[in-house]
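[1] Mind looking at a prediction? Sequence and model below.
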Amino acid sequence: MAQDRYSRQILFKHIGLDGQDKIMQGHILIIGMGALGTHLAESLVRSGIGELTIVDRDYIEHSNLQRQTLFTEADADAALPKVIAAEKSLLTIRKDLRIHSHIAHVDRQFLEEYGKNISVILDATDNFETRQLINDFAYQQNKPWIYGGVVQSTYIEAAFIPGTTPCFNCMVPQLPMLNMTCDTVGVIQPAVSMTTSLQTRDVLKLLVEQSVDTKVTYGDLWDGTHRQFGFSKLYRTECSTCGTNPTYPYLNETKRQYASLCGRDTVQYDNPNISQEMLAIFLNQHNIAFKRNPYMLQFQYKDYRIVSFKGGRMLIHGMSRPQEAINLMNQLFG
């Protein structure tokens, strides 16, 4: 059955039966289940990946449907968490898939709990700080990870392999387009597909134990430009992640209670002492209307839309500065 399903992939001379077996033994962690994450998950599931862990902290909105391939209008109407809808969709593609989905913000604790038994980590975020965290964890744990970025019609991709390539930090000064997100300048779906095609290619190469170039690939699909540059010479012995005396500073940062979501006009507030049950009682007592589904609770307060997830994490829409969120939470809860 497996040979028939993956017959065209097995015929490819760089994979074959042995390579397909290795792909089916792989376990991939995808961080982010937006445009990049949904494309990557679907490609890898169709390629025969054995086990998949997906994580995302957000839920589906109608603006996602233009480029996030695993979701439907019904998912957006229900405001389902992205990983819940993604898991359901992926299991319709392959019922034998071993999948683990997490509605969560990725921090050191999450990576240490779920990131160690992984073949490759895939970056599908739009967040520079999260990439720094992934980079530190990957080099500390000797796990390869693959960076991908997309905004407007531009794409960028690179694979970072501990012990073989310099790390993300070494390359940062040379990277184009780090200061924009699709929420601020837009994105077209073909540029997403280009990015994830490059990322998926490198995942498959790593799984079948073939070499991956130490190169950054980037371009503009609209303009038809496509470039590469090598970064093997960018290694810095003093690098805090991959240098001779690594300290992994992003793993050791103090967890912040408030954080701005890049390009989202949204602040995340994290307070594990506020359960959804407690919040519902509080809102009822103060005559504040709310809606809920099995995964989250939503309400309006002072013209801000607030979404609460299990575990005490909230997204406050309509603001961009953590201080605004602090003031609002003080007004709401005292």
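    That came through, no problem. Numbers count the residues shown, from 1 in each chain.
[2] where does residue 260 land in three-state SS?
    Three-state assignment for residue 260 (DSSP: H, G, I helix; E, B strand; the rest coil): strand.
[3] State the pLDDT value of it.
    For residue 260, the pLDDT comes out at 75.
[4] My read is that it contacts residue 267, right?
    Yes - between residue 260 and residue 267 there is a contact at 5.5 Å, judged by CB atoms under 8 Å. C-beta coordinates here come from the backbone N, C-alpha and C atoms, glycine included.
[5] Give the next helix or strand downstream of the helix or strand of the chain with the lowest mean pLDDT.
    Ranked by mean pLDDT, DSSP states H and E, the helix or strand of the chain with the weakest confidence is helix 182-185, at a mean of 58. Counting by DSSP states H and E, the next helix or strand C-terminal to helix 182-185 is helix 189-207.
[6] buried ones in that following helix?
    By 16 or more other CB atoms under 10 Å, the buried positions in helix 189-207 come out as 191-196, 198-207.
[7] Check what contacts that helix and list those residues.
    The contact list for helix 189-207, computed with CB atoms under 8 Å, 6 or more residues apart in numbering, reads 15, 19, 22-23, 26, 28, 35-36, 39-40, 43-44, 47, 49, 66-67, 119-120, 122, 144, 146, 148-157, 159, 161, 211-212, 217, 219, 221-222.
[8] Let's test this: mean pLDDT of that helix, rounded?
    The average pLDDT within helix 189-207 is 97.
[9] Then stretch 146-153?
    In this model, stretch 146-153 carries a mean pLDDT of 93.
[10] what's in contact with that stretch?
    By CB under 8 Å, 6+ apart, stretch 146-153 touches 35-36, 40, 120-124, 126, 131, 155-160, 168, 177-178, 180-182, 185-188, 190-192, 194-196, 198-199, 202-203, 220-223.
[11] ditto for stretch 304-323
    By CB under 8 Å, 6+ apart, stretch 304-323 touches 57-59, 79, 81, 103-105, 256, 258-261, 264-276, 279, 295-300, 303, 325, 328.
[12] how about the strands in the stretch 51-200 of the chain?
    51-56, 98-103, 120-123, 145-151, 154-160 (DSSP state E, counting those that start in this stretch).
[13] list the contacts for residue 248?
    136-137, 139-140, 240-241.
[14] among these, which two are most distant?
    Greatest spatial distance among those (CB to CB): 137 and 240, at 13.4 Å.
[15] more neighbours, those two?
    For residue 137 versus residue 240, the count of surrounding residues by other CB atoms under 10 Å is larger for residue 137: 23 against 16.
[16] ok, that one touching residue 130?
    No - with contact defined as CB under 8 Å, residue 137 does not count as touching residue 130 (10.5 Å).
[17] Need the pLDDT of residue 334.
    Value for residue 334, per-residue pLDDT: 64.
[18] er, residue 270 actually
    86.
[19] Likewise for the one 5 residues further on?
    We note a pLDDT of 84 for residue 275 in this prediction.
[20] Any figure for the gap between the residue lying closest to it once chain neighbours are set aside and residue 260?
    Once flanking residues are discounted, residue 275 sits nearest to residue 312: 6.8 Å by CB to CB, 6 or more residues apart in numbering. Taking CB to CB, to the nearest Å as the measure, residue 312 falls 18 Å from residue 260.
[21] follow-up on the earlier one: can you list which of the contacts of stretch 304-323 are found in helices?
    Members of the contacts of stretch 304-323 lying in helices (criterion: DSSP state H): 276, 279, 325, 328.
[22] What distance do you get for the first one to residue 308?
    Spelled out, that is residue 276. Taking CB to CB, one finds residue 276 at 6 Å from residue 308.
[23] When these two are compared, which one has more neighbours?
    residue 308 (24 against 17).
[24] in its sheet, what does the helix or strand that contains the more buried one sit against?
    In this structure, residue 308 sits in strand 304-309 according to DSSP H and E. Strand 304-309 pairs in its sheet with strand 296-301 (antiparallel), strand 313-317 (antiparallel), by DSSP bridges.
[25] That's all I had, so thanks and see you.
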